[in-house]
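> coordinates only, sequence not included:
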Ligand code: HEM
């Protein structure tokens with residue numbers, strides 16, 4: 001069994017192998033326990049004591065093993081990414097549903113059922129490598145397709161628009177959002193003066209800010225995020241016909257978020273929350289899936305919208321152009337080594353394959369320069385595409401030579417035209433059965449000018465459309481987020497300028513934010529868009545996989561009714577949820593009720609927290625309930641679950657712990673309790689009925705209309 005097969009999908013069946021996985025085998029070192037050597041292969045006698053002159057004497061320079069060991073260690077770090085430094089990655093495959101050959105000659109989209117290996121890296125943008133996962137931020141969603149015609153990178157985000165329209169503003173934007181230069185604060189947060197100063201002066205950021213202040217910026221899981229290519233790209237057929245295209249990833253688990261208070265607590269309780277969630281789901285065989293969809297716009301319709309397709313601060317509402325599903329992606333293998341794979345992976349918007357091309361979106365054009373440029377320094381020279389994770393599975397043959405880290409011994413000559421090389425130099429234009437990339441023949445004729453098109457000037461209509469499309473609780477969260485972020489801004493003029501911009505989005509929004517941060521309510525703008533797009537609300541993005549991988553905590557103590565726990569567990573795990581028993585200590589608790597005996601404890605309560613679960617259940621059992629009601633950690637667990645809007649369930653006397661946790665009595669035992677996600681069946685529900693009610697509540701994810709919610 002290979003090292004790969006041992007590690008992949010421990011809880012599920014091993015993922016099937018693909019050509020990329022087999023290629024990686026060539027570079028994977030097997031675990032070994034034989035003798036230690038130097039880099040030169042010389043066996044070493046001792047790695048615990050440096051060579052010294054006398055037992056208490058000075059260390060000798062002659063000890064090449066000591067010097068090599070320290071030197072290698074001294075050089076172990078490489079620069080982190082200038083943005084998106086913190087991330088987590090996984091391998092998998094993309095499978096095409098139907099041929100898209102009538103729109104693109106891209107080989108990997110040309111045949112139903114075709115599977116293409118992929119590597120995906122999710123990331124936050126602002127924070128450094130060691131920052132917390134659950135900060136309020138955009139999430140990167142970058143996919144490398146190892147196609148038979150070369151690597152195709154779809155380098156997207158979980159938000160479909162961007163802060164700026166022109167890449168020349170990217171350094172300004174990043175300097176503003178990153179930690180401030182004098183004191184390098186704050187880490188992993190946009191709630192500071194320079195970010196809001198920049199945005200308030202750059203109204204094109206308003207639409208993106210609406211998304212950033214929404215719950216999209218605090219996802220429950222990478223597995224529950226949409227992804228977007230953001231820009232309008234171009235599909236090109238074999239005959240050279242172009243079609244504008246926007247890319248969408250839709251998670252089968254639905255789009256779900258944390259609430260802000262929960263996200264902040266999670267950042268302390270488990271800074272690796274999203275990374276761990278992805279890793280554990282794959283190890284357990286619960287492979288996350290997304291559907292890839294495209295919005296297609298014929299070239300003749302380029303100017304038929306009230307926004308410019310080349311403006312990355314705009315979406316094409318799905319109600320105008322539906323998203324056509326084209327395939328699905330499954331992530332089924334964790335990397336073997338974080339540094340070698342997730343850290344060294346290099347995505348680049350300019351990595352395209354025949355059939356996929358660019359448009360003149362000025363943000364995209366700048367990106368097409370920036371990624372390769374930054375990777376030259378981050379990955380130490382021009383040969384990083386030879387690193388295992390970056391290697392195409394397609395043949396590589398070119399005249400590039402030398403440079404740091406060259407791994408290949410090339411034969412012959414490397415120039416063209418060439419009469420001496422005997423076929424060794426690479427010839428452009430030769431297909432050899434594979435598609436050849438030919439740039440789309442777009443007619444371009446214009447004056448050299450530094451200016452934006454008039455069609456890029458409407459910065460507010462789609463920001464207003466986003467606001468109009470939100471449910472009441474989503475709007476409430478947006479107001480609270482603006483209040484939090486701007487409340488951290490010291491400059492009053494920045495606060496005022498920002499609420500002034502919001503007055504173009506919605507008068508109530510601007511007034512509510514202004515009230516919360518102590519500045520005068522601005523005059524609402526004269527004409528504000530009333531458009532809406534229902535596809536934008538998370539209310540309408542619940543997914544198709546029910547409660548798969550949702551985590552339910554069962555609080556237990558000596559005297560817990562183990563029969564109830566098993567009945568609930570059986571019912572919920574059958575639907576794909578994960579049920580864990582938490583008690584004060586690891587080991588077992590004495591069980592009562594039908595299941596007399598012991599009940600295994602999965603996690604010790606002091607090592608966990610409510611924010612790491614999606615729901616809580618307190619089973620029956622007089623003695624256990626008395627213990628739990630007197631345990632501040634258990635009571636806090638229940639109270640926090642309630643205040644974060646998540647389902648809270650209790651059987652029999654377990655309801656006492658809910659009351660002890662200050663849940664409104666009318667809800668704990670009232671008729672309308674299920675409407676608020678409080679599931680007790682008046683204390684008389686059977687475990688199976690309760691499990692079903694809990695499953696239904698988990699599907700709804702949060703109960704945002706409860707009294708006394710936090711965040
Ligand atoms: C639509 C707007 C943008 C999106 C969706 C986007 C997305 C991403 C993503 C997902 C990553 C992380 C890739 C990874 O996981 O390794 C990334 C990194 C990066 N982005 Fe962007 N970005 C955008 C705009 C820009 C612009 C305008 C620039 C510069 C002109 C830029 C420069 C960079 C750089 C330099 C990195 C680090 C790459 C590396 O070190 O490998 N991005 N971006």
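All right, it came through fine. As the structure is a computational prediction, the values presented were derived from the model and not from experiment. Numbering: from 1, shown residues only.
> can we go C-alpha only for contacts and neighbour counts from here?
Noted.
> where are the low-confidence patches of the stretch 501-650 of the chain?
For the stretch 501-650 of the chain, applying pLDDT under 70 flags the ranges 594-596.
> what's the residue of it at minimum distance from the ligand in contact with, if anything?
Among the residues of the stretch 501-650 of the chain, residue 536 lies closest to the ligand, at 17.9 Å counting by C-alpha to the nearest ligand atom. The neighbourhood of residue 536, defined by C-alpha atoms under 8 Å, 6 or more residues apart in numbering, consists of 466, 469, 470.
> need these in CSV (columns: distance to the ligand, pLDDT and secondary structure).
As requested, the contacts of residue 536 are exported to CSV (distance: C-alpha to the nearest ligand atom, whole Å; pLDDT from 0 to 100; DSSP: H, G, I helix; E, B strand; the rest coil):
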residue, distance to the ligand, pLDDT, secondary structure
466, 18, 98, helix
469, 22, 98, helix
470, 23, 98, coil
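> helices and strands of this structure: which one has the lowest mean pLDDT?
helix 3-7 (a mean of 40; mean pLDDT, DSSP states H and E).
> strands of the stretch 251-400 of the chain, start to end?
With DSSP state E, counting those that start in this stretch as the criterion, the stretch 251-400 of the chain has strands at 289-298, 324-333, 356-357.
> in the stretch 401-550 of the chain, mark out all the strands, start to finish.
Chain-ordered strands for the stretch 401-550 of the chain, with DSSP E, counting those that start in this stretch as the definition, do not occur.
> correction: the previous question concerned the stretch 51-200 of the chain.
Under the criterion DSSP E, counting those that start in this stretch, strands of the stretch 51-200 of the chain are mapped to 87-96, 115-124, 139-147, 150-157.
> given the first one, what are its sheet partners and their directions?
It stands for strand 87-96. In the sheet containing strand 87-96, the strands it pairs with under DSSP bridges are strand 115-124 (antiparallel), strand 324-333 (antiparallel).
> quick revisit: for residue 619, see how far away the residue of the stretch 501-650 of the chain closest to the ligand is.
Relative to residue 619, residue 536 is positioned 38 Å away (C-alpha to C-alpha, to the nearest Å).
> could you say which of the strands paired with strand 87-96 is packed most deeply?
Here the criterion is mean neighbour count by mean count of other C-alpha atoms under 10 Å, and of the strands paired with strand 87-96 the winner is strand 115-124, at a mean of 24.
> now do the buried residues in stretch 482-496.
Applying a neighbour-count criterion of 16 or more other C-alpha atoms under 10 Å, the buried positions in stretch 482-496 are 482, 483, 484, 485, 486, 487, 488, 489, 494, 495, 496.
> mind splitting the protein into its structural domains?
91-386, 469-529, 551-700 (automatic domain parsing).
> tabulate those domains (CSV), appending distance to residue 79.
Putting the domains of the chain into CSV (distance: least, C-alpha to C-alpha, whole Å) gives the following:
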stretch, distance to residue 79
domain 91-386, 5
domain 469-529, 29
domain 551-700, 32
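> circling back: can I get the strands of the stretch 51-200 of the chain in CSV including mean pLDDT and distance to residue 282?
CSV is the format used below for those (pLDDT from 0 to 100; distance: least, C-alpha to C-alpha, whole Å):
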stretch, mean pLDDT, distance to residue 282
strand 87-96, 98, 9
strand 115-124, 98, 13
strand 139-147, 99, 17
strand 150-157, 98, 21
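> now those in JSON lines, with distance to the ligand?
Below are those laid out as JSON lines (distance: least, C-alpha to the nearest ligand atom, whole Å):
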{"stretch": "strand 87-96", "distance to the ligand": "6"}
{"stretch": "strand 115-124", "distance to the ligand": "5"}
{"stretch": "strand 139-147", "distance to the ligand": "4"}
{"stretch": "strand 150-157", "distance to the ligand": "4"}
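> and these as TSV, adding distance to residue 248?
Written out in TSV, the entries for the strands of the stretch 51-200 of the chain read as follows (distance: least, C-alpha to C-alpha, whole Å):
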stretch	distance to residue 248
strand 87-96	14
strand 115-124	15
strand 139-147	11
strand 150-157	9
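> so what's residue 521 up against?
Taking C-alpha under 8 Å, 6+ apart, one finds 499, 510, 511, 512, 514, 515 in contact with residue 521.
> mind doing that once more with 6 Å?
Taking C-alpha atoms under 6 Å, 6 or more residues apart in numbering as the criterion, residue 521 is in contact with 511, 514.
> do residue 464 as well
With C-alpha under 6 Å, 6+ apart as the criterion, the residues that contact residue 464 are 505, 529.
> now do the one 5 residues further on
By C-alpha under 6 Å, 6+ apart, the contact list for residue 469 reads 532, 533, 534.
> hmm, try it at 10 Å
475, 530, 531, 532, 533, 534, 535, 536, 537, 538 (C-alpha atoms under 10 Å, 6 or more residues apart in numbering).
> any idea how many residues pack against the closest residue to residue 642 other than its chain neighbours?
Spatially, and ignoring its direct neighbours in sequence, residue 642 is nearest to residue 648 (6.4 Å; C-alpha to C-alpha, 6 or more residues apart in numbering). The tally of other residues near residue 648 (other C-alpha atoms under 10 Å) stands at 29.
> cool, and the one 5 residues further on?
Neighbour count for residue 653, taken as other C-alpha under 10 Å: 20.
> can you give me phi and psi for it?
Torsion angles at residue 653 (phi, psi; degrees, to the nearest 10) stand at phi -70, psi -10.
> quick one: contacts for the residue nearest to residue 187 when sequence neighbours are not counted?
With C-alpha to C-alpha, 6+ apart as the measure, residue 127 is the residue that lies nearest to residue 187, at 5.5 Å, once sequence neighbours are left out. Contact partners of residue 127, counting by C-alpha under 10 Å, 6+ apart, are 82-86, 133, 135, 137, 177-179, 186-190.
> write out the residues of the stretch 51-200 of the chain neighbouring the ligand.
81-84, 121-123, 140-142, 155-157, 162, 167, 170 (C-alpha under 6 Å from any ligand atom).
> please pick the buried ones from the residues you listed.
Among those, those scoring as buried are 81, 83-84, 121-123, 140-142, 155-157, 162, 167, 170 (criterion: 16+ other C-alpha under 10 Å).
> ok, of these, which one's closest to residue 569?
residue 122 (31.4 Å; C-alpha to C-alpha).
> so who does that closest one touch?
When contacts are counted by C-alpha under 10 Å, 6+ apart, residue 122 is found next to 84, 86-90, 139-143, 156-158, 222-223, 227, 274-275, 278, 342.
> for it, list each beta-bridge partner.
Assessed by DSSP bridges, residue 122 has beta-bridge partners residue 88, residue 141.
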